[in-house]
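**Student:** Show me how the following folds:
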Amino acid sequence: MALPSSDELLGTFVPVAVYWMYSGIYAMLGDLNDYRLHTKAEEHKRNAVSKAAVVKGVLIQQAFQIIAVSLLFFAYGHDGNAVQPQPSLPTILLQFAAAMMVMDTWQYFMHRLFHTSNFLYRHVHSRHHSLVVPYAFGALYNHPLEGLILDTAGGALSFILSGMTPRTAIFFFSFATVKTVDDHCGLWLPGNLLHVFFSNNSAYHDIHHQLYGTKYNFSQPFFVAWDKILGTYMPYSLERRKEGGLEARPIKKID
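**Tutor:** Predicted structure coming up:
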């Protein structure tokens, strides 16, 4: 039996570490009321699950994720501990782009299915939406079945279809993790480069978490293309609240 290489081990565990480090940074920034999309009072009042339960739920999902990724690398691994040669930088960039498109496509249609199926929403996806006011370390607070279908399967397809090596996967899955955490951070910070380069951001996804937005903005984690193509795009404006902070408000009539 071939042992996993260092790249495969890093590809398995680094995204988990990145999740907690990056969300920890946002947790420390949570008192920046001028940049919050919801007040702390809203967070405590509207969220239906404790932060301790969220941490437990995320850790359970990440345990499943570690097992699944280990099996993926074993199935598509290589002999012994030899490291696969890295392709050229242009090839790596193409693989990144392909993986992003595969992940976005998978997650859009699966995410939308979790909303359009009353059974799947009630028994599975509603757990994630118990966080009406999202925050960073709740990004992966899902039912384990949803985590397997939406996140783990989407990641596996991205890895396989893009043809990336385990070393490239370290960087891709770490970046996807950062993006997912950022989309749920509940803050709109000036100078955030992810907001500069991606229209799919914390405000865009916050619309989806509100009761009026659950039929819109299914795209995650990178682009908004599928929402625009299939008519589920909800544009918004960022407005200052009287009590401080910002609010993402829809700017079209909601069906």
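**Student:** Contacts only, for Ala248.
**Tutor:** 37, 203-204, 206-207, 236-238 (C-beta atoms under 8 Å, 6 or more residues apart in numbering). (Glycine included, C-beta is placed from N, CA and C.)
**Student:** need the residues you listed in JSON lines with pLDDT and neighbour count, can you?
**Tutor:** What follows is the contacts of Ala248, written out as JSON lines (pLDDT from 0 to 100; neighbours: other C-beta atoms under 10 Å):
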{"residue": "Leu37", "pLDDT": "95", "neighbour count": "23"}
{"residue": "Ala203", "pLDDT": "96", "neighbour count": "22"}
{"residue": "Tyr204", "pLDDT": "97", "neighbour count": "24"}
{"residue": "Asp206", "pLDDT": "97", "neighbour count": "25"}
{"residue": "Ile207", "pLDDT": "96", "neighbour count": "21"}
{"residue": "Tyr236", "pLDDT": "94", "neighbour count": "18"}
{"residue": "Ser237", "pLDDT": "94", "neighbour count": "10"}
{"residue": "Leu238", "pLDDT": "93", "neighbour count": "11"}
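**Student:** quick one: pLDDT of Phe74?
**Tutor:** pLDDT, Phe74: 78.
**Student:** picking up where we left off before, nearest to Ala27, of the contacts of Ala248?
**Tutor:** Ranked by distance to Ala27 (C-beta to C-beta), the contacts of Ala248 are led by Leu37 at 15.3 Å.
**Student:** and that closest one, how far is that from Lys242?
**Tutor:** From Leu37 across to Lys242, the span is 15 Å (C-beta to C-beta, to the nearest Å).
**Student:** do Ile251 as well
**Tutor:** From Ile251 to Lys242 the distance is 19 Å (C-beta to C-beta).
**Student:** and if you look at Leu211?
**Tutor:** Remark: distance between Leu211 and Lys242 (C-beta to C-beta) = 22 Å.
**Student:** quick revisit: closest one of the contacts of Ala248 to Gly186?
**Tutor:** Proximity of the contacts of Ala248 to Gly186 (C-beta to C-beta) peaks at Leu37, which lies at 5.3 Å.
**Student:** Can you report phi and psi for the closest one?
**Tutor:** phi -80, psi -20 (degrees, to the nearest 10).
**Student:** Ok, the one 4 residues further on next?
**Tutor:** Torsion angles at Ala41 (phi, psi; degrees, to the nearest 10) stand at phi -60, psi -40.
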